[in-house]
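1. Provide a 3D model corresponding to the input given below.
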Amino acid sequence: MTDSKYFTTTKKGEIFELKAELNSDKKEKKKEAVKKVIASMTVGKDVSALFPDVVNCMQTDNLELKKLVYLYLMNYAKSQPDMAIMAVNTFVKDCEDPNPLIRALAVRTMGCIRVDKITEYLCEPLRKCLKDEDPYVRKTAAVCVAKLHDINAQLVEDQGFLDTLKDLISDSNPMVVANAVAALSEIAESHPSSNLLDLNPQSINKLLTALNECTEWGQIFILDCLANYTPKDDREAQSICERVTPRLSHANSAVVLSAVKVLMKFMEMLSKDLDYYGTLLKKLAPPLVTLLSAEPELQYVALRNINLIVQKRPEILKHEMKVFFVKYNDPIYVKLEKLDIMIRLASQANIAQVLAELKEYATEVDVDFVRKAVRAIGRCAIKVEQSAERCVSTLLDLIQTKVNYVVQEAIVVIKDIFRKYPNKYESVIATLCENLDSLDEPEARAAMIWIVGEYAERIDNADELLESFLEGFHDESTQVQLQLLTAIVKLFLKKPTETQELVQQVLSLATQDSDNPDLRDRGYIYWRLLSTDPVAAKEVVLAEKPLISEETDLIEPTLLDELICYIGTLASVYHKPPSAFVEGGRGVVHKSLPPRTASSESTESPETAPAGAPSGEQPDVIPTQGDLLGDLLNLDLGPPVSGPPLATSSVQMGAVDLLGGGLDSLMGDEPEGIGGPNFVAPPATTVPANLGASMGSGLSDLFDLTSGVGTLSGSYVAPKAVWLPAMKAKGLEISGTFTRQVGSISMDLQLTNKALQVMTDFAIQFNRNSFGLAPAAPLQVHAPLSPNQTVEISLPLNTVGSVMKMEPLNNLQVAVKNNIDVFYFSTLYPLHILFVEDGKMDRQMFLATWKDIPNENEAQFQIRDCPLNAEAVSSRLQSSNIFTVAKRNVEGQDMLYQSLKLTNGIWVLAELRIQPGNPSFTVRVPAPALPAPGCLPPSSGQPFLPSLLPRLGVSSDGVRSSPARLEPLGTWHE
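-> Take a look at the predicted model:
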């Protein structure tokens, strides 16, 4: 007879009878009683009253009985903590039992009893089991450490269990290694700041050795651990990939996905020119295809992961289109995922078979699937330009079927095709208008209205068509009402004499008879535009529209990179980072792909999104658009961090005051920042020790010993640095530098669009600053900035803007506006752009001024490693408007006396001592004790002296100042 008999009893007074049986002297009777207790517990009966009697049964050699008692103990220990302490001695004793199964059973149960009172009694037995001679006991004890850490983390750390766990990674048994890795990973997830898994090439080698011999779940633990490791170079990455690749042929789909995750991460470090890179791409395809032959639930998980992989590296599956063709018996959720991947893989090479397949799907009976198939045809037209005509023809064939929901979906996608290819397929409008009466869905009606409004001049009865929609205006959805309002205004601007009544009617309905604030506001805007300036209204309403992007549903690149790190987990199924659905901070660690090596390149095809953020940064997901001015309280207006120069661009824009006059006020007693008096000032910044770097590299070597470039006048120009990263500007990246050419100052900008939408309407504005720097012309960007496009702009500057002392003096706060938002950043401009061409002081005036300054009021600096003679130094400095007034030789030293003049009239004098053959120079700069009238505040002169030093030497690291106090420089006028 089977154990099912224990679940069928209906006797009353059962607890009393069980109590008697549990205390029986007969072993068999005891075992039967415990089985009955476990059966009652399993079906939900409360048998906690029997706790002492069951615990007494622990003292037995029978393994089956011991397992049953331990099962009961795990279930009721939390409700009977005081009684559970009775079992401690038995645990200690069982941990020394000669049978390894009993030792392991004891340590496993210890880990499952989540009672604080008894955890400290379990430390010694656990310590012994961690060093047990039997690997089965050690692997069980390793998992127990993770469970104990969850109950009392401090106790585990104090007892040194974590160090023991780390030692187990070097164990000879692969299952012990796998469990130790699993335990450490679990602990590390709950304590992200702790560096428990300190992986190095030696430990990685041990893990890879164990990988071949442990069980499938052990392999998953090890592969997930490997995915968190960043190889030191591409050679190590390739070595790991070679040893992980055999896991792709494993029967367990979880092992396959974990292996794919490791390979996808480490491929970032491999150059696509390597033969091995191509081999790896070919090896990744078959296991992913094999996953699609599993049951539907597994197929769905595989498809969601493949969707991410295809967005990152479409070349892996570009020849496997047929496996994503839908089968008649696929569940709807599998069909829709396959359809999505088919569109992502569509290219000029396979578009014919894709379209034939999609047309077949459009005749299916499942309405949701048909809608998606019709929409997919439109997406193919937008993605593969060569197929657009064939796609439009297919859509027209579908419209002829007169199936209502097919017609409506077709009209929606044809609207997008018109947006992508203007003035190309408008001949089909007549066919669309024939189906006007059958449209009953808001999206389809809105699309049709947009088409009629946009091409009103080509449709003879456009006014009648729009008037027919106007009859039931208040019954329409908001989407249709907004579209109808815009369409009628467009029609009026194209045919003003015929549609005056119609436009007045719609404006009245939208403004006076509507409760919807969006509709009402748009109505008033149009009304005021039309009544005040019809020409401006025409320019606004009938402006040329940007082309729509190829794929609007791609995952944002930084998020995609993070999700690639979570392949094979829930995050890859939800397509959301764990922080979006895991409550609390536990286990939520932001991950990113490893940095590319110098030899590796992006492997995305032109139609895919750009690669993720560069290394060293934690990529942030692009934030949602807030209010127009952004969160001023969180502006990052400190000195920028220098970065590698990126790509560039140029754009047309009027000189718009972005911030409502906040930068136009004159300097007052109380300085105001960007945005006027209510602006929250950023924290004050200090001049960094390395002045060359802090000045945005602009104060680097003027002697052509660095990578700077010369301008027409020979003045030094720093390489472009990233001033505004794309992550902080919703995809807009701004790099730049400053130049001075024949008396003109300019800001050379480079704009890169890393977002998925077109950027237009650029404008720029400066906050008030120490030298009155301001744009001398609008920001000229002559065409919309498409995704992945870069433009270069040279913005002329002048020094007639409002003045306000900044800290540091050369800090410049900038606001840049486009059609998406207003973005703010801060940069430090090099002071040499302010040195004017007439900065050579008369000799007599120089001598008189120099003598008037006491010797104690001077500063001295040392410049090292500058292998130039006096003539070369004088020539180089003159190219940046630092002039040699006089030269003499004293005791074998060349003495150069220099002067320069700033745009605000302040003079600076300096003495440069050069010992021939000695690469170290001395700079001496005098300063008056008090500033002359009109001079900047006392602290203002201090940054001028360090600003000269990079012009006189190669490295500001070699600069050393004397103890003399640096007083402000005075103002000497000619």
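
2. per-residue confidence averaged over stretch 394-402?
-> Across stretch 394-402, the average pLDDT comes to 87.

3. how far off centre is it?
-> Centroid separation for stretch 394-402 versus its chain: 42 Å, with CA atoms, centre = their mean, to the nearest Å.

4. Thr499 touches Leu465, doesn't it?
-> No: with contact defined as CB atoms under 8 Å, Thr499 does not reach Leu465; the gap is 11.9 Å. Where you see a C-beta, it was placed from the backbone N, CA and C, and this is true even at glycine.

5. what about the residue found closest to Ser920 once you drop the neighbours it is linked to in the chain, distance to Arg876?
-> Excluding the flanking residues, the one nearest Ser920 by CB to CB, 6 or more residues apart in numbering is Arg864, at 5.0 Å. Shown here: Arg864 relative to Arg876, a distance of 17 Å by CB to CB, to the nearest Å.

6. which of those two has more neighbours?
-> Higher neighbour count among Arg864 and Arg876: Arg876, with 20 against 15, using other CB atoms under 10 Å.

7. ok, that one touching Leu868?
-> Yes: assessed by CB under 8 Å, Arg876 is found in contact with Leu868 at 7.2 Å.

8. buried stuff in stretch 453-470?
-> 453-456, 459, 462-463, 465-467, 469-470 (16 or more other CB atoms under 10 Å).

9. nearest to Leu50 among those?
-> Using CB to CB, the shortest approach to Leu50 within the buried residues of stretch 453-470 belongs to Phe469, at 76.5 Å.

10. out of everything not next to it in sequence, what's closest to the closest one?
-> Leu484 (5.5 Å).

11. list the contacts for that neighbour?
-> Leu484 is in contact with 449, 466, 469-470, 473, 476, 506, counting by CB atoms under 8 Å, 6 or more residues apart in numbering.

12. swap in 7 Å and give it another go.
-> Leu484 makes contact with 449, 466, 469-470, 473, 506, according to CB atoms under 7 Å, 6 or more residues apart in numbering.

13. TSV for the residues you listed, including pLDDT, distance to Val323 and secondary structure?
-> Below are these laid out as TSV (pLDDT from 0 to 100; distance: CB to CB, whole Å; DSSP: H, G, I helix; E, B strand; the rest coil):
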residue	pLDDT	distance to Val323	secondary structure
Ile449	91	41	helix
Leu466	88	47	helix
Phe469	84	45	helix
Leu470	85	50	helix
Phe473	87	50	helix
Val506	90	52	helix
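
14. could you dump those to CSV with distance to Thr739?
-> Converted to CSV, these look like this (distance: CB to CB, whole Å):
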residue, distance to Thr739
Ile449, 51
Leu466, 54
Phe469, 57
Leu470, 58
Phe473, 58
Val506, 53
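
15. just those now: which is nearest Asp515?
-> So of the contacts of Leu484, ranked by how close each gets to Asp515 (CB to CB), first place is Phe473, at 12.9 Å.

16. mind pulling up the pLDDT for the closest residue to that closest one other than its chain neighbours?
-> Nearest residue to Phe473 in three dimensions, chain neighbours excluded: Leu509, at 5.1 Å (CB to CB, 6+ apart). On pLDDT, Leu509 comes in at 90.

17. circling back to that earlier point, closest to Ile169 among the buried residues of stretch 453-470?
-> Glu454 (65.3 Å).

18. and the closest one, what does it touch?
-> Lys490.

19. what pLDDT does it get?
-> 88.

20. who are the contact partners of the closest residue in space to Ile914 that isn't next to it in sequence?
-> In this structure, Ile914 finds its nearest non-sequential neighbour in Asp894, 4.4 Å apart by CB to CB, 6+ apart. Counting by CB under 7 Å, 6+ apart, Asp894 touches 870, 887, 914, 916.

21. mind listing which of those are in strands?
-> 887, 914 (DSSP state E).

22. just the pLDDT for the closest residue to Phe369 other than its chain neighbours.
-> Using CB to CB, 6+ apart and skipping the chain neighbours, the partner closest in space to Phe369 is Lys335 (5.3 Å). pLDDT, Lys335: 91.

23. ok, Lys335 touching Val326?
-> Yes: contact criterion CB atoms under 7 Å: Lys335 and Val326 qualify, at 4.9 Å.

24. still on that earlier bit, quick check, nearest of the buried residues of stretch 453-470 to Ala180?
-> Proximity of the buried residues of stretch 453-470 to Ala180 (CB to CB) peaks at Glu454, which lies at 65.3 Å.

25. where's that closest one relative to Gln481, distance?
-> For Glu454 relative to Gln481 (CB to CB), the value is 17 Å.

26. same check on Glu360?
-> Distance of Glu360 to Gln481, computed by CB to CB: 37 Å.

27. of these two, who's got more company?
-> Between Glu360 and Gln481, Gln481 has the larger neighbour count (other CB under 10 Å), namely 27 against 12.

28. for that one, give me its contacts.
-> With contact set as CB under 7 Å, 6+ apart, Gln481 has these partners: 473, 519.

29. next, it: secondary structure please.
-> The local conformation at Gln481, judged by DSSP: H, G, I helix; E, B strand; the rest coil, is helix.

30. from Leu398, how far off is it?
-> From Gln481 to Leu398 the distance is 28 Å (CB to CB).

31. over to Gly278?
-> In terms of CB to CB, Gly278 sits 40 Å off from Leu398.

32. over to Thr511?
-> Taking CB to CB, one finds Thr511 at 39 Å from Leu398.

33. who's more crowded, these two?
-> Counted by other CB under 10 Å, Thr511 and Leu398 do not tie: Leu398 has more neighbours, with 22 against 17.

34. strands of the stretch 651-800 of the chain, residue ranges please.
-> Along the stretch 651-800 of the chain, counting by DSSP state E, counting those that start in this stretch, strands occupy 709-710, 716-717, 721-724, 732-741, 744-753, 763-766, 774-775, 790-798.

35. tell me what the third one is packed against?
-> Using 3 or more CB pairs under 7 Å, 6 or more residues apart in numbering; DSSP states H and E as the contact test, the elements touching strand 721-724 are strand 732-741, strand 822-828.

36. gap between the closest residue to Glu426 other than its chain neighbours and Val540?
-> Using CB to CB, 6+ apart and skipping the chain neighbours, the partner closest in space to Glu426 is Tyr455 (5.8 Å). Taking CB to CB as the measure, Tyr455 falls 19 Å from Val540.

37. follow-up on the earlier one: what packs against the one helix or strand the residue nearest to Phe473 maps to?
-> In this assignment (DSSP states H and E), Leu509 forms part of helix 500-511. Helices and strands touching helix 500-511, by 3+ CB pairs under 7 Å, 6+ apart, are helix 462-470, helix 478-494, helix 517-532.

38. ok, of these, where does mean pLDDT dip lowest?
-> Lowest mean pLDDT of the helices and strands packed on helix 500-511: helix 462-470, a mean of 86.

39. thinking again about what came up before, top of the contacts of Asp894 by neighbour count?
-> Ile914 (26 neighbours).

40. who touches it in this structure?
-> By CB under 7 Å, 6+ apart, the contact list for Ile914 reads 870, 873, 893-894, 896, 921.

41. farthest pair within the residues you listed?
-> Counting by CB to CB, the most remote pair of the contacts of Ile914 is Val873 and Gln893, 13.0 Å apart.

42. settle it for me: which of those two has more neighbours?
-> Taking other CB under 10 Å, Val873 and Gln893 do not tie; Val873 has more neighbours (24 against 14).

43. starting at the chain centroid, how far to the host helix or strand of the more buried one?
-> Per DSSP H and E: Val873 is located in helix 870-878. In terms of CA atoms, centre = their mean, the centre of helix 870-878 is set 47 Å apart from its chain centre.
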